[in-house]
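# Here is my input, please return the structure:
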Amino acid sequence: MILPRHVLGRGFKAPSDKLNIAFIGCGGRGENHINALKGENIVAFCDVDEVRAAEIYEMFPNVPRYTDYRKMFDAISNQIDAVVIATPDHTHALPALAAMQLGKHVYVEKPLTHNIGEARQLLAAAQQYKVVTQMGNQGASMDCNAELAELVQVGAIGDVHTAHVWTNRPVWPQGVPTPVGKKKARKTLDWNLWLGPAPYRMYDPAYLPFKWRGWWDFGTGALGDMGCHLIDPVYRALKLKTPVSAEASCTTVWVGDFREANYADSCPPSSIVKLDFPQRIIMSKIDNHDIIDHVVQPCALWWYDGGLRPPRPVELGSSEQFGSWDGGILLEGTKGKILAGYIW
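Take a look at the predicted model:
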């Protein structure tokens, strides 16, 4: 009767056990993260767009607000334990790197960065500054992904030689011309800060919100959006590492008669990518209840987006669904196949 309730648990977290978290990017996915972590100490919000962040700002009126993460770090760095970053792809790396250099733990929305070079920089920084880091990837911790890996690694379908992964995205505009003319950004949006490290261009509503995914300067297309979710369980199940070759093709956009459009700033409406992986040795094949080294032959991973998908397996009944509404995974092995629909 005299014990404080946090000693007994009962859902109470002692104030000393809470993290002091700053959020960079408060609308869209950022809003989901804030709601998930509102039991911690929220010490600051940072967003270049007051309209996108308005709902969160209204829910937490007493939390300090910033538009520039650099000024936030200058002002209250000593009050921050960790940072959550949920901005467009092209502005993931710089605030994450700045936070790690200050010794702050970092959670970054997927895709981790806008390009491979940035990802390598963040990996080196995480190792150098010895902070806890995580890339947000919806579905990565779900049981179904572990079950898929277990089925593959115990040899349920033999050695997997081909993996097909597909999505129905993009659901935003791609393969479109670059906007022309001058449009004025609303006063509640700091366009220069939104651009960040990207080459300067005039504001246009064709770029945001959400539509930035279809522009190479800001996003990474459907592959960078859904590939993080769908390819991840395949990588883990097959224990893939670095591919030895890559090949890609994409939709041709036509204007007029027999004239190819040059929409180089925009990602294509659909694409197919093939990644080839070499022979590898994994320790997962179960033989007489022992885990042994097992040589796995080369594997090809095919990616399809924009509504494209691999041929329907002949084993699938005419009334059975081929994947899910947002994509799917088909693994082909020497002893059979596994079909998985994507689950959030």
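# so what's the closest residue to residue 321 other than its chain neighbours bridging to?
Of all residues not flanking residue 321 in the chain, residue 341 sits nearest, at 6.8 Å (Cβ to Cβ, 6 or more residues apart in numbering). Placement of C-beta: from N, CA and C, glycine included. Using DSSP bridges, the bridge partners assigned to residue 341 are residue 328.
# any idea how far residue 341 is from residue 222?
17 Å (Cβ to Cβ, to the nearest Å).
# Give the residue spans of the chain that score low on pLDDT.
The model of the chain has pLDDT under 70 over residues 1-13, 283-292, 343-344.
# what's the domain layout of it?
According to automatic domain parsing, the chain comprises the domains 15-136, 143-341.
# now those domains in JSON lines, with mean neighbour count?
Output for the domains of the chain, formatted as JSON lines (neighbours: other Cβ atoms under 10 Å):
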{"stretch": "domain 15-136", "mean neighbour count": "18"}
{"stretch": "domain 143-341", "mean neighbour count": "16"}
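# show me the contacts for the residue nearest to residue 321.
Residues touching residue 341, when contacts are defined by Cβ atoms under 8 Å, 6 or more residues apart in numbering, comprise 321, 323-324, 327-329.
# Identify, from the residues you listed, the entry nearest to residue 308.
residue 327 (10.9 Å; Cβ to Cβ).
# In terms of helices and strands, where is residue 131?
Using DSSP states H and E, residue 131 sits within no helix or strand.
# List the contacts of residue 162.
299-302, 331-332.
# again, 6 Å this time
Applying Cβ atoms under 6 Å, 6 or more residues apart in numbering to residue 162 gives the contacts 300, 332.
# Beta-bridge partners for it, please?
The bridge-partner assignment for residue 162, based on DSSP bridges, gives residue 300, residue 332.
# if I look at it, how far off is residue 301?
Note on residue 162: its distance to residue 301, by Cβ to Cβ, is 8 Å.
# same question, residue 147
Look at residue 147 and residue 301: by Cβ to Cβ, they are 20 Å apart.
# How about residue 152?
From residue 152 over to residue 301 the distance is 13 Å, taken as Cβ to Cβ.
# Overlap in contacts, these two.
The contact lists of residue 152 and residue 301 share no entry, where a contact means Cβ under 6 Å, 6+ apart.
# is it true that residue 310 touches residue 164?
Yes: checked against Cβ atoms under 6 Å, the pair residue 310 and residue 164 is within contact range at 4.0 Å.
# Find the helix or strand that residue 237 is a member of.
Judged by DSSP H and E, residue 237 forms part of helix 221-238.
# where along this structure do the helices fall?
Along the chain, counting by DSSP state H, helices occupy 29-36, 54-59, 69-76, 93-101, 116-129, 143-153, 191-195, 221-238.
# May I see these arranged in TSV, with distance to residue 314 as well?
As requested, the helices of the chain are exported to TSV (distance: least, Cβ to Cβ, whole Å):
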stretch	distance to residue 314
helix 29-36	39
helix 54-59	49
helix 69-76	53
helix 93-101	45
helix 116-129	38
helix 143-153	21
helix 191-195	49
helix 221-238	22
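# my read: residue 42 touches residue 65, true?
No: using Cβ under 6 Å, residue 42 and residue 65 do not qualify as a contacting pair, with a distance of 11.2 Å.
# where's the nearest residue to residue 331 once chain neighbours are set aside relative to residue 67, distance?
With Cβ to Cβ, 6+ apart as the criterion, residue 331 has its nearest non-adjacent residue at 4.5 Å, and that residue is residue 338. With distances defined as Cβ to Cβ, the gap from residue 338 to residue 67 amounts to 48 Å.
# Over to residue 37?
When residue 37 is compared with residue 67 (using Cβ to Cβ), they lie 21 Å apart.
# got it, and residue 311?
Distance, residue 311 to residue 67, by Cβ to Cβ: 50 Å.
# before we move on, what about residue 187?
12 Å.
# give me every residue that touches residue 88.
Residue 88 makes contact with 212, 218, according to Cβ under 6 Å, 6+ apart.
# returning to that earlier point: let me know the closest of the contacts of residue 341 to residue 278.
residue 329 (21.2 Å).
# just checking, the closest one touches residue 164?
No: with the criterion set as Cβ under 6 Å, residue 329 and residue 164 do not qualify as a contacting pair; they are 7.1 Å apart.
# start to end distance for stretch 296-315?
Taking Cα to Cα, to the nearest Å, the first and last residues of stretch 296-315 lie 25 Å apart.
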